[in-house]
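Q: Sequence first, predicted coordinates after that:
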Amino acid sequence: MKIIPAIDIIDGCAVRLTQGDYSRMKRYSDSPVSVARDMADCGSKYLHVVDLDGARSGKADNASVIAEIVRLNALNVEIGGGIRSEESILRYLDAGASRVILGTVAVSDYDFTLDMRRKYGDKIAVGVDAREGIVAVHGWESDSGVDAYDFCRQLASDGICDVIFTDISKDGAMSGTNLDAYRTLASIDGLKVTASGGICSLAELKALQDIGVDGAILGKALYEGKLNLRAVEEAFCNAG
């Protein structure tokens, strides 16, 4: 199981939200690049970066600082937030990102998402952010009306196997993740799920590994000191 620390960016700063609420934002660093370098120094091989401004606007608002992170060449960086065109995809892939994550556009323009997956293969993943079982879009601020689990089944059946699934109610709440959701997702044939949202203990990480998820994204638990990234990396060997 891959251990994937996360950096969310607003106004060029590393931040965390609570339950996807932009009004409940906490700033942790004015230098996301330094945060990324520290994560690499702790033994991380992977990094999950989200442009939260872009997730709302549909534009690459923090592209310059994200490009700096990618240029560190120390991590396999996946990038999400506001990526809704092939031009945006290529901007990040050409910069050296290992993969890009399509969220809102995966719901609003499914044919485009299929086309991008056919064209770029496993460099395209889909972010499924669920609030009460329904996919949320536009920076988690709008309800798409699409059932999150049915959508994951559709993605897998159409060959889009790489999914980052977040239960928004758990994200940033420091109260644990939704293990039942990942048990359900693990039963979907062909789906490779990365768990995101609320993970805050080694025991939960072990449970996710036993369930069979492909990766686990760590955010607020790292920033608040509830999990030690170096210790997590050592515990899980991060050989994925």
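A: Ah, there it is.
Q: Tell me where this protein has strands.
A: With DSSP state E applied, the chain shows strands at 2-10, 13-18, 21-29, 46-51, 76-80, 99-102, 124-131, 134-137, 142-147, 162-167, 192-196, 215-218, listed in chain order.
Q: could the ones you listed go into CSV alongside mean pLDDT and mean neighbour count?
A: (Each C-beta comes from the backbone N, C-alpha and C, glycine too.) Listed next are the strands of the chain as CSV, based on pLDDT from 0 to 100; neighbours: other Cβ atoms under 10 Å:
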stretch, mean pLDDT, mean neighbour count
strand 2-10, 97, 24
strand 13-18, 95, 20
strand 21-29, 94, 13
strand 46-51, 97, 25
strand 76-80, 98, 24
strand 99-102, 98, 22
strand 124-131, 97, 24
strand 134-137, 95, 21
strand 142-147, 93, 14
strand 162-167, 97, 25
strand 192-196, 98, 26
strand 215-218, 98, 23
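Q: Distance to Glu224 added to those strands, as JSON lines?
A: Shown next, in JSON lines, are those (distance: least, Cβ to Cβ, whole Å):
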{"stretch": "strand 2-10", "distance to Glu224": "13"}
{"stretch": "strand 13-18", "distance to Glu224": "8"}
{"stretch": "strand 21-29", "distance to Glu224": "9"}
{"stretch": "strand 46-51", "distance to Glu224": "17"}
{"stretch": "strand 76-80", "distance to Glu224": "22"}
{"stretch": "strand 99-102", "distance to Glu224": "24"}
{"stretch": "strand 124-131", "distance to Glu224": "21"}
{"stretch": "strand 134-137", "distance to Glu224": "24"}
{"stretch": "strand 142-147", "distance to Glu224": "28"}
{"stretch": "strand 162-167", "distance to Glu224": "18"}
{"stretch": "strand 192-196", "distance to Glu224": "16"}
{"stretch": "strand 215-218", "distance to Glu224": "11"}
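Q: between the ones you listed, which gets nearest to Met174?
A: Distance to Met174, taken as Cβ to Cβ, is lowest for strand 13-18 among the strands of the chain, at 8.6 Å.
Q: just the CA coordinates of the closest one, formatted as PDB?
A: Backbone C-alpha positions of strand 13-18 (Å, rounded to 0.1, in the frame of the first residue of the first chain) are rendered in PDB as follows:
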ATOM      1  CA  CYS A  13       0.100  28.400   0.900                       C
ATOM      2  CA  ALA A  14      -0.200  24.800   2.300                       C
ATOM      3  CA  VAL A  15      -3.500  24.500   4.100                       C
ATOM      4  CA  ARG A  16      -6.100  22.000   5.300                       C
ATOM      5  CA  LEU A  17      -9.900  22.300   5.300                       C
ATOM      6  CA  THR A  18     -12.300  20.600   7.600                       C
END
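Q: Strand partners (parallel or antiparallel) of that strand?
A: Each strand paired with strand 13-18, and its direction, by DSSP bridges: strand 2-10 (antiparallel), strand 21-29 (antiparallel).
Q: and those strands as TSV, adding distance to Arg84?
A: Written out in TSV, the entries for those read as follows (distance: least, Cβ to Cβ, whole Å):
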stretch	distance to Arg84
strand 2-10	17
strand 21-29	19
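Q: mind checking which of those strands is nearest Lys192?
A: Distance to Lys192, taken as Cβ to Cβ, is lowest for strand 2-10 among those, at 10.3 Å.
Q: Output that closest one as CSV, restricted to C-alpha atoms.
A: Coordinates of the C-alpha atoms in strand 2-10 are reproduced here as CSV (Å, rounded to 0.1, in the frame of the first residue of the first chain):
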residue,chain,number,x,y,z
LYS,A,2,1.4,3.4,-1.0
ILE,A,3,1.6,6.0,1.7
ILE,A,4,0.8,9.4,0.1
PRO,A,5,1.2,12.6,2.1
ALA,A,6,-0.9,15.5,0.9
ILE,A,7,-0.4,19.2,0.3
ASP,A,8,-3.5,21.3,-0.4
ILE,A,9,-2.9,24.8,-1.7
ILE,A,10,-4.8,28.1,-1.4
